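> Okay, sequence plus prediction incoming.
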Amino acid sequence: MNYFSLIDRTRQEPPPHERCIMHQLYAVVLAAGNSQRLGQPKAMVPIIMDGQEIPLIKWMVERLEASGITPIVVTNQDLLVPVTFAIPERSVLLNPAPEKGRTGTIQCGLATIISKAKGKRQLNVLIVPVDRPGFSNSTLEVLRHTDSTACPTKDGRGGHPVLITSSDVERIMLAEPETPLRDLISPMRINVADKYLHLNIDTPEDLENLQQIAEELR
């Protein structure tokens with residue numbers, strides 16, 4: 001199937017002031033990995049919000065939705081049922097071969113988004129790993145109004161989420177799933193002040209740190 005036949009390339013580019021209004025922003029939420037160091041699947045690790053224990057994937061999805069972003073979650077066979085129950089009435093997709101690499105997981109989400117966005121020339125998508133939740137809501141807002149492939153940056157290091165635009169969506173879809181994303185895109189770097197931008201949920205200590213700052217991030 002030629003996914004890009006679904007994108008109308010003949011339409012006139014809208015004026016800059018209309019672009020962010022006309023186009024729905026989607027996010028591919030990457031939740032297909034297992035963590036040996038953490039000892040449990042990252043998407044389902046519990047955090048406590050307002051006295052209630054919820055899975056990390058639910059917290060992440062609700063943060064994106066609160067910023068007007070539509071999440072498309074991609075997970076693996078083992079997590080498909082628990083993730084689907086954790087976030088009912090959302091789009092949860094199966095990556096049948098997550099071992100091939102993160103780009104393959106991204107491709108699963110992008111294929112669905114391309115189908116949903118058919119007829120729209122401008123297609124911006126956020127790539128949001130579930131284990132990199134340290135971005136602020138203000139950073140999401142900056143990315144929403146960015147027209148180039150970009151990532152937030154702090155202390156000289158790029159972070160997440162990564163915003164990709166139409167030309168890079170096509171490049172990713174045509175790549176081998178094993179190809180690292182860094183070999184496919186060259187994002188513009190946007191300096192942000194997010195204190196926790198580089199938080200990576202990889203160990204029990206990282207999870208404890210997330211719990212301490214979760215209220216501040218939402």
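Structure's in. What do you need?

> quick one: buried residues of stretch 25-43?
By neighbour count on 16 or more other CB atoms under 10 Å, the buried set for stretch 25-43 is 25-33, 35, 38, 41-43. The way it works is simple: take the backbone N, C-alpha and C, and place the C-beta from them, glycine included.

> Pick the one among the residues you listed closest to Leu143.
Leu25 (8.3 Å; CB to CB).

> any idea how far the closest one lies from Asp194?
19 Å (CB to CB, to the nearest Å).

> what would the buried residues of stretch 25-43 look like in TSV with pLDDT?
Formatted as TSV, these follow (pLDDT from 0 to 100):
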residue	pLDDT
Leu25	93
Tyr26	96
Ala27	98
Val28	98
Val29	98
Leu30	97
Ala31	95
Ala32	88
Gly33	77
Ser35	69
Leu38	77
Pro41	89
Lys42	91
Ala43	94
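
> For stretch 57-64, C-alpha coordinates in CSV please.
Provided in CSV are the C-alpha atoms of stretch 57-64 (Å, rounded to 0.1, in the frame of the first residue of the first chain):
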residue,chain,number,x,y,z
ILE,A,57,0.8,5.3,30.0
LYS,A,58,-2.5,6.7,31.3
TRP,A,59,-0.8,9.7,32.8
MET,A,60,1.1,10.4,29.6
VAL,A,61,-1.9,10.1,27.4
GLU,A,62,-4.0,12.4,29.5
ARG,A,63,-1.2,15.0,29.6
LEU,A,64,-1.2,15.0,25.8
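
> Just say helix, strand or coil for the nearest residue to Val142 once chain neighbours are set aside.
Closest residue to Val142 apart from its sequence neighbours, by CB to CB, 6 or more residues apart in numbering: Ile190 at 6.2 Å. What DSSP: H, G, I helix; E, B strand; the rest coil gives for Ile190 is strand.

> Okay, now the unreliable bits of the protein?
1-23, 35-36, 119-121, 218 (pLDDT under 70).

> Against Arg37, how distant is the residue most central in space within the chain?
Compute the mean C-alpha point of the chain, and by CA atoms, centre = their mean the closest residue is Val128, 2.1 Å away. According to CB to CB, Val128 stands 21 Å off from Arg37.

> likewise Glu208?
From Glu208 to Arg37 the distance is 14 Å (CB to CB).
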